[in-house]
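need a structure here:
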Amino acid sequence: MKSLPQYHFHKTKYGEKLLIDVVSLDSIRKYIVRDPIHVLSYYDITFITKETGTFSIEDKKYVLQPGDVIFSKPGEVRKWNKNSIPQGFALIFEEDFLLSFFNDTSFIRNLSYFNRDYVAAKINISSVQFRYDQLLKNIIEEINNYQSKDKHILRAQLYEILMLLNREYLKYKAIFEKKMQNRHGSMFISLVEKNFYIAHNTTFYADKLCITPNYLNEIVHKATGISAKAYIQKRIIREAKKQLAYTNLSVSEISDDLAFDCASYFIKFFRKHTGLTPLQYRKETKL
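Just a heads-up that it's a prediction; the model follows:
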């Protein structure tokens, strides 16, 4: 099987070894068209400025628009749609460019968008306060004026843009996770309405949502103030009360209808949550 094309950093592009650069997508378009699927040996942050297109990292596909920023790490499989390459700039750098100066060897990997557990590889910064285009221009100017063994300004400029992007990504991540929690919470409530007659345990609902029971409890507690189990039990009690008050079904029949193993367990369950037996509750509501 033919291996994927891999692009390495052009370290001596400016004569002296330099591990940072800013390149326009127009300037590398011919390489993208030739090898739309490839991997990089360095970090890449691409800023989309004009037009639209599609781009994939590993198995995740993104629709690109102006204001989007794409983050990719060394070794990830990247795929451009060579028929719709937008305009923009790629800020590229080797890890050693910063690590040779910072004592923290995990600094880059701890950035939210380069973390292996990141939510997404793309955010949109069209509405943010800082002007990334000016920051990129500053880096380009410094590279063009680059003096031998004088990398401190470039490191500072790179550090600034990395940290500002990290701030924006964390905002995006918080919004994304809240949306996901809200979505899972809404789906959980809908699932309970459809299944509480037959499913009383949180594992059933967590499996339906493809999340863990612990995470489900966390989501439901944030949304309702109670655990997922408590929410299910409250729904069962509400239905039991309705049937006791408005039907002539026996306690045993209601127990069967709500999928309890036996009437005695249903009675114990109902009393625990209401302080009354089912018949006591029926008697009180019919007075």
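
and stretch 46-57, what's buried?
Neighbour counts over stretch 46-57 (16 or more other C-beta atoms under 10 Å) mark 46, 47, 48, 49, 53, 55, 56, 57 as buried. Every residue, glycine included, has its C-beta placed from N, CA and C.

how about the helices of the stretch 51-200 of the chain, start to end?
Secondary structure of the stretch 51-200 of the chain by DSSP state H, counting those that start in this stretch: the helices cover 95-99, 132-144, 152-195.

is it true that residue 285 touches residue 247?
No - if you go by C-beta atoms under 8 Å, residue 285 and residue 247 don't touch, sitting 11.5 Å apart.

okay, the buried residues of stretch 46-57 in CSV with pLDDT and distance to residue 28 next?
Below are those laid out as CSV (pLDDT from 0 to 100; distance: C-beta to C-beta, whole Å):
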residue, pLDDT, distance to residue 28
46, 97, 10
47, 96, 14
48, 95, 14
49, 93, 15
53, 93, 14
55, 93, 13
56, 89, 17
57, 89, 17
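
would JSON lines of those with distance to residue 191 be doable?
Formatted as JSON lines, the buried residues of stretch 46-57 follow (distance: C-beta to C-beta, whole Å):
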{"residue": "46", "distance to residue 191": "39"}
{"residue": "47", "distance to residue 191": "41"}
{"residue": "48", "distance to residue 191": "38"}
{"residue": "49", "distance to residue 191": "43"}
{"residue": "53", "distance to residue 191": "38"}
{"residue": "55", "distance to residue 191": "35"}
{"residue": "56", "distance to residue 191": "32"}
{"residue": "57", "distance to residue 191": "32"}
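
ok, residue 74 to residue 110 distance?
Going from residue 74 to residue 110 by C-beta to C-beta, to the nearest Å gives 16 Å.

when these two are compared, which one has more neighbours?
Comparing residue 74 with residue 110 by other C-beta atoms under 10 Å, the one with more neighbours is residue 74, at 16 against 10.

name the nearest residue to the more buried one, sequence neighbours excluded.
residue 41 (5.3 Å; C-beta to C-beta, 6 or more residues apart in numbering).

is it true that the one you found touches residue 6?
Yes - contact criterion C-beta under 8 Å: residue 41 and residue 6 qualify, at 6.2 Å.

got any residues that touch both of the two?
Overlap of the contact sets of residue 41 and residue 6 (by C-beta atoms under 8 Å, 6 or more residues apart in numbering) is empty.

tell me where the model's unsure across this protein.
The model of the chain has pLDDT under 70 over residues 1-2, 116-120, 129-130, 147-149, 176-177, 179-180, 287.

for residue 91, which non-adjacent residue is spatially closest?
Nearest one to residue 91, counting by C-beta to C-beta, 6+ apart, is residue 45 at 4.5 Å.

revised request: answer the last question for residue 215.
Nearest to residue 215 is residue 206, by C-beta to C-beta, 6+ apart, at 7.5 Å.

helix or strand: which one has residue 280?
For residue 280, the host element (DSSP states H and E) is helix 278-285.

and that helix, what other elements does it pack with?
With contacts taken as 3 or more C-beta pairs under 8 Å, 6 or more residues apart in numbering; DSSP states H and E, helix 278-285 sits against helix 228-246, helix 251-257, helix 263-274.

okay, those in JSON lines with mean neighbour count and distance to residue 197 next?
JSON lines is the format used below for those (neighbours: other C-beta atoms under 10 Å; distance: least, C-beta to C-beta, whole Å):
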{"stretch": "helix 228-246", "mean neighbour count": "18", "distance to residue 197": "8"}
{"stretch": "helix 251-257", "mean neighbour count": "17", "distance to residue 197": "7"}
{"stretch": "helix 263-274", "mean neighbour count": "16", "distance to residue 197": "13"}
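
end to end, how far does stretch 267-280 reach?
11 Å (C-alpha to C-alpha, to the nearest Å).

just how off-centre is that stretch within its chain?
43 Å (C-alpha atoms, centre = their mean, to the nearest Å).

just stretch 74-89 next, same as before
The chain centre lies 21 Å from the centre of stretch 74-89; the measure is C-alpha atoms, centre = their mean.

cool, thanks, signing off.
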